[in-house]
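**Student:** Quick one: sequence plus predicted model below, questions after.
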Amino acid sequence: MITYLDLCILEFIHNIFKNKAFDFLFINLTKIGNFGLIWIMFSAYFIIIKKDIKTGILILISLTLSSVIGNLFLKNIFVRPRPLAPENMVNLIDTPKSFSFPSGHTMSSFSAAWIIFKNREKALGISAILLASMIGFSRLYLYVHFPRDVICGAIFGIATANLTIIVANKILKHKI
């Protein structure tokens, strides 16, 4: 039943939003989410430009932790296959070989975006959360994740960021 609902949502997205401009947009949003590239750039921005080494390092720690938890553990525990595109649909990107649950792009994006948001950089933090949301949506648009993968990826990413902040606060004995 839940998988059927996931497939209905994917079909809805495909039927309503599919067009060449969105193809270009979401392919590129997924690309900048690959390997956490955009979030590593945010980390460098905080370290080099803002001289906020703590935030930059927290982003890197949270990215690493979300990658390990999501890609090495959760994907191999849940072993959920990726959605299969309908026969009438052309795949815009290669379907990843890894399992589907949770979405690693979404998990890493939300872990980094949440660190930025919690850094009291509210305008930049809201923009980062919007970017993370768009990267997550790109995974649905490109038919490489189910909605549940993306939603849980966002939740796990925020949890990972909060865990990173809590542990850093305990180690450093003050709030970051």
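**Tutor:** Everything's here; your move.

**Student:** Name the helix or strand for the nearest residue to residue 39 once chain neighbours are set aside, please.
**Tutor:** Using C-beta to C-beta, 6 or more residues apart in numbering and skipping residues adjacent in sequence, the residue nearest residue 39 is residue 112, 3.6 Å away. Placement of C-beta: from N, CA and C, glycine included. According to DSSP states H and E, residue 112 maps onto helix 104-118.

**Student:** In terms of secondary structure, what does that helix contact?
**Tutor:** helix 20-33, helix 37-44, helix 53-67, helix 122-141, helix 147-172 (3 or more C-beta pairs under 8 Å, 6 or more residues apart in numbering; DSSP states H and E).

**Student:** buried ones in the second one?
**Tutor:** Buried positions in helix 37-44, judged by neighbour count with 16 or more other C-beta atoms under 10 Å: 38, 39, 40, 42, 43.

**Student:** What of the last one?
**Tutor:** Using 16+ other C-beta under 10 Å as the test for burial, helix 147-172 gives 147-150, 152-154, 156-161, 163-165, 168.

**Student:** what's in contact with stretch 30-37?
**Tutor:** Stretch 30-37 is touched from outside by 38, 63, 67, 93, 105, 108, 109, 112, 135, 138, 139, 142, with contacts defined as C-beta atoms under 8 Å, 6 or more residues apart in numbering.

**Student:** show me what contacts the first one?
**Tutor:** This means residue 38. So residue 38 contacts 32, 109, 131, 135 (C-beta under 8 Å, 6+ apart).

**Student:** closest to residue 173 among the residues you listed?
**Tutor:** Closest approach to residue 173 among these (C-beta to C-beta): residue 109, at 29.8 Å.

**Student:** what does the model give the closest one for pLDDT?
**Tutor:** Note on residue 109: pLDDT of 97.

**Student:** And for residue 141, the neighbour number?
**Tutor:** Neighbourhood size, residue 141 [other C-beta atoms under 10 Å]: 23.

**Student:** Assign a three-state SS to the residue nearest to residue 98 when sequence neighbours are not counted, would you?
**Tutor:** The shortest distance from residue 98 to any non-neighbouring residue, by C-beta to C-beta, 6+ apart, is to residue 75 (5.7 Å). Three-state assignment for residue 75 (DSSP: H, G, I helix; E, B strand; the rest coil): helix.

**Student:** I'd guessed residue 75 sits against residue 96; true?
**Tutor:** No: checked against C-beta atoms under 8 Å, the pair residue 75 and residue 96 is beyond contact range at 10.2 Å.

**Student:** how far off helix 147-172 does the helix holding residue 112 point, in degrees?
**Tutor:** 40 degrees (axes from the mean of the first three to the mean of the last three C-alpha atoms, to 10 degrees).
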